[in-house]
Structures are given as structure tokens and as C-alpha cells.
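> Have a look; sequence and predicted model below, questions after that.
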Amino acid sequence: MKAGRSQAPRPTDAELAILRVLWQRGPSTVREVLEALSPRDVGYTTVLKLLQIMAGKRLVARDDRERAHVYEAAVGEAETEGRLVADLLDRAFGGSAERLMMRALSRRKSSPAEIARLRELLDEMEGGRR
């Protein structure tokens, strides 16, 4: 049920919240998405309308073979995150990955596991040299 991989538009915050539900749960009905979004102050018709808009944007695909339509993310989580980071990198940091990472790391305390994974990633990027 995945749609083509043409460049989908950048999701809004509300659309991204719905995509997170679909990435975590997999194909879901409007009611299931609504329940996963709770306790947010959002109604069934709002979630339905957002999913319909997202289908038009090709962010989700809809299976209407059953009475309750089932929606599935049509864009991948890593792909979407990558596009959002690239956009932020260009718009806010002038393309500087160093400035982006320094700002991100200075905003919140990272866990020891996160710091270890970042070190591994940097080592991989350097070809294993320290």
C-alpha cells in the first residue's frame, strides 16, 4: 500500500504527530490514530480531515476496502526525519552541521548511551580513526 517515493511535502506539526502514530502502530483506522494521539484536545473529524489532506499530499495511503478506512504512512520515518533535518540545516544553520549539532547538544542533557552512539557515529564517519 506504499505510495510512490516522489518528494512528498514537508509535514506540518499535526501531520508529523499522526505520522509518528502510523510509524509506531502501522496501518491504523482514524479511531486508532485518535486514541493514540490522546490526551490531546483533538476530535475524530479533525483527525479524519487531516488524514484526508495527508492522503492528498501522498504522506499517507488509504485502504478503503473495508468499511473503516485504514491509513498507512506512505513516507518513511528516516526519510522524513532526514528531509526535516536537511531543511533545518539549510534554513537555520546556513548548512553548517557543526552549528546544528552544537546547538542541539547544548539544549538538552544527553544520556550516556546517546553520547556513546554519537561517538560511534563520528568514528564511523572518520573511517574508524580517532
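Thanks, I have the structure now.

> Pretty sure Leu100 sits against Asp90.
No - counting by CB atoms under 8 Å, Leu100 does not reach Asp90; the two are 10.0 Å apart. C-betas here are computed from N, CA, C, even on glycine.

> These two - which one has more neighbours?
Leu100 (16 against 11; other CB atoms under 10 Å).

> okay, now the closest residue to that one other than its chain neighbours: neighbour count?
Spatial nearest neighbour of Leu100, chain neighbours left out: Phe93 (4.6 Å); criterion: CB to CB, 6 or more residues apart in numbering. Neighbourhood size, Phe93 [other CB under 10 Å]: 16.

> Then the one 4 residues further on?
Using other CB under 10 Å, the number of residues around Ala97 comes to 10.

> swap in Val42?
Residue neighbour count, defined by other CB under 10 Å, stands at 16 for Val42.

> What of the one 10 residues further on?
By other CB under 10 Å, 15 other residues sit near Gln52.

> That one sits in which helix or strand?
In the assignment (DSSP states H and E), Gln52 maps to helix 44-56.

> Now that helix: buried residues?
Across helix 44-56, burial judged by 16 or more other CB atoms under 10 Å covers 47-48, 50-51, 54-55.
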